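Enquirer: sequence unavailable; structure follows:
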């Protein structure tokens, strides 16, 4: 694990995330959000979980980001123009960050380097998903189907 | 310098706080969804980091929880965005402060 | 001797890297990646230039004319002239455009196309980079194309661009499902997502004669055809070039692009075509393996590029032969026919595996595919829906 790579990824991820949270134009924010998620996927690569990183890119960039930009497109003619910025939220976010940072920096047992483990192959994930976690997997499949049908019913045109 | 678990958790905490900032302070429904997705991504980062630094496990539970969490985040995004569109059709706005009537 | 010709590029790279003996490990890695990237770009940009002129020549031949024949011998220097023309054209950005998004769209689309080329093994030991889940990488990175197309449509702030982008995304998402699902039977049968392992699994010959390419099994053939059709759609080629239908919406999401940015879109389309065809060769046509034992003296990369060229020729041939489909026909075809057939391929591959991967499995999987194909044809009443329109005249 490389320190330089870590710093580069961390800075670009957090910058993109901050842009996604604060930019005025919605479309720019959505695209920054996509960049931030690519950064998170890069972290997964750095940590040796390539499969999850690629799944994250696949699902977030290929599906969620496209859904978000489509929603922006469909809700373009917005009558309530004044969308404002709530400073109380910013204060709460900073407070939460301060609390988390204090807790993380206080805990000495977290200052450890990664142990050497054998590389995580797709086969191991697949075997685990198909044996130990087969029921959760089915539940997720059911959940996704339900979400698909629910989303479709929600966006159906209302009959007058 | 090799990054320790601590710095990964710090980055994850920062990402979570930025997500919280987006969810709490923006009044646009889509920003709130983006914020929630960012918080979920930060949680996933924590799962993967703890799995990597926690030593050998069979099955690799941190990875599997992260996978499930990604699937659930996708479902949540689909339903959430469908709700944004449905509400927009009704009120002609995406400002969450103006969704103040139950019956329209 | 044969082996050394086969490995000439690999050995050349090792020889180049041996100059850096004293360098630290990370520097050697960076140089090694740079060599790979440069080789990839050099090969595929040359192929792009060649194909752009050959395509016009083949189309001309199909349409009974000469095609470009002014610049250089047989018009072969035409791409250079085109390149110079594109470079010196004015770069126009609309006033109301979202400038950043408008600029980033061609960059993203070209980057994605080049990245997806990286996981394909072009010959023995010749994959630019090997990753445990290479096929997933291909599709994960490739899914960013949709976002890039949307950025182009949105950034241009133009009705035609937006319409074209919407059409492009609708068809890409619809056909991405069959595209990915037809890959699954291969991944299931091989038991690996690594491109190298998939190629290695197709290396032998049945009865020492027929190569064990997956395209020679019933499920593999069906999956290959479905994959090829989806590939046509993904790379926005005729007959599925609805997003940029010139006669309806100017040039779709590329309407507001000019000069070098337009050339970048054009290049990305071709590179995407190379990537999809390369993946099809890897998955179904045995990658760099020779079609017969006696022909194995020809180097592996020659075989790969021969198969790739054959597929590219089919792309051009289809373009010269078929008219553009309507978007509703395309969508019906994707969801009602392609998707069920893609799922059938998975079942047929499983049947093939459990019936012993021999002649018996071959016949059983053929039976499964034939039943579903006929059932779908009857259910969808294909004669009515997909047949040429019947015109009624006053009598």
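Expert: Thanks, I have it. It should be emphasised that the depicted structure is a prediction, and the values quoted were computed from it without experimental measurement.

Enquirer: residues touching the spatially most central residue of chain B, list them.
Expert: Centroid-nearest residue in chain B, with C-alpha atoms, centre = their mean: residue B:37, separated by 2.4 Å. By C-beta atoms under 8 Å, 6 or more residues apart in numbering or on different chains, the contact list for residue B:37 reads A:33, A:37, A:60, A:64, B:19, B:73, B:76, B:77. In short, each C-beta sits where N, CA and C put it, glycine included.

Enquirer: what about the strands in chain C?
Expert: C:205-206, C:210-211 (DSSP state E).

Enquirer: for the residue nearest the centre of chain A, which non-adjacent residue is spatially closest?
Expert: With distances taken as C-alpha atoms, centre = their mean, the residue of chain A nearest its centroid is residue A:37 (5.4 Å). Once flanking residues are discounted, residue A:37 sits nearest to residue A:60: 4.4 Å by C-beta to C-beta, 6 or more residues apart in numbering or on different chains.

Enquirer: tell me, how many residues neighbour the one you found?
Expert: 29 (other C-beta atoms under 10 Å in any protein chain shown).

Enquirer: who's in contact with it?
Expert: Taking C-beta under 8 Å, 6+ apart, one finds A:34, A:37, A:41, B:37, B:41, B:70, B:74 in contact with residue A:60.

Enquirer: for it, grab phi and psi.
Expert: phi -80, psi -50 (degrees, to the nearest 10).

Enquirer: pLDDT value on it, please?
Expert: What the model reports as pLDDT for residue A:60 is 89.

Enquirer: so, low pLDDT: which residues of chain A?
Expert: Scanning chain A with the threshold set as pLDDT under 70 gives A:1, A:77-84, A:158-160.

Enquirer: and the helices in it, which stretches?
Expert: Using DSSP state H, the helices of chain A run over residues A:3-22, A:26-46, A:50-59, A:65-74, A:87-106, A:122-130, A:134-155.

Enquirer: packing partners of the shortest one?
Expert: Packing contacts for helix A:122-130, counted by 3 or more C-beta pairs under 8 Å, 6 or more residues apart in numbering or on different chains; DSSP states H and E, involve helix B:61-91.

Enquirer: just the angle between the helix it packs on and helix A:122-130, please?
Expert: Orientation of helix B:61-91 against helix A:122-130 (axes from the mean of the first three to the mean of the last three C-alpha atoms, to 10 degrees) gives an angle of 70 degrees.

Enquirer: in helix B:61-91, which residues are buried?
Expert: B:61-71, B:73-88, B:91 (16 or more other C-beta atoms under 10 Å in any protein chain shown).

Enquirer: that helix and chain C, any residue contact?
Expert: No. Under the criterion of C-beta under 8 Å from any C-beta of the partner chain, helix B:61-91 makes no contact with chain C; the nearest approach is 12.1 Å.

Enquirer: from the chain's centroid, how far away is that helix?
Expert: 9 Å (C-alpha atoms, centre = their mean, to the nearest Å).

Enquirer: equivalent analysis for stretch B:91-99, please.
Expert: Per C-alpha atoms, centre = their mean, the displacement of stretch B:91-99 from the mean C-alpha position of its chain is 22 Å.

Enquirer: quick check: mean pLDDT across that stretch?
Expert: For stretch B:91-99, mean pLDDT is 73.

Enquirer: what's the end-to-end length of it?
Expert: Using C-alpha to C-alpha, to the nearest Å, one end of stretch B:91-99 lies 7 Å from the other.

Enquirer: number of nearby residues for residue 9?
Expert: Just so you know, I chose chain A. 20.

Enquirer: chain C, not that one
Expert: Neighbour tally, residue C:9, other C-beta under 10 Å: 15.

Enquirer: ditto for residue B:16
Expert: As a burial measure, residue B:16 scores 24 neighbours (other C-beta under 10 Å).

Enquirer: look up how far residue C:63 lies from it.
Expert: 60 Å (C-beta to C-beta, to the nearest Å).

Enquirer: same deal with residue A:42?
Expert: Residue A:42 is 48 Å from residue C:63, by C-beta to C-beta.

Enquirer: what about the residue of chain A found nearest chain B, how many neighbours?
Expert: Chain A approaches chain B most closely through residue A:89 (2.9 Å), counting by C-beta to the nearest C-beta. By the criterion of other C-beta under 10 Å, residue A:89 has 19 neighbours.

Enquirer: ok, it - contacts?
Expert: Contact analysis of residue A:89 by C-beta under 8 Å, 6+ apart lists B:20, B:21, B:23, B:24, B:25, B:26.

Enquirer: rewinding a little: among residue A:42 and residue C:63, which residue is more densely surrounded?
Expert: Higher neighbour count among residue A:42 and residue C:63: residue A:42, with 20 against 9, using other C-beta under 10 Å.
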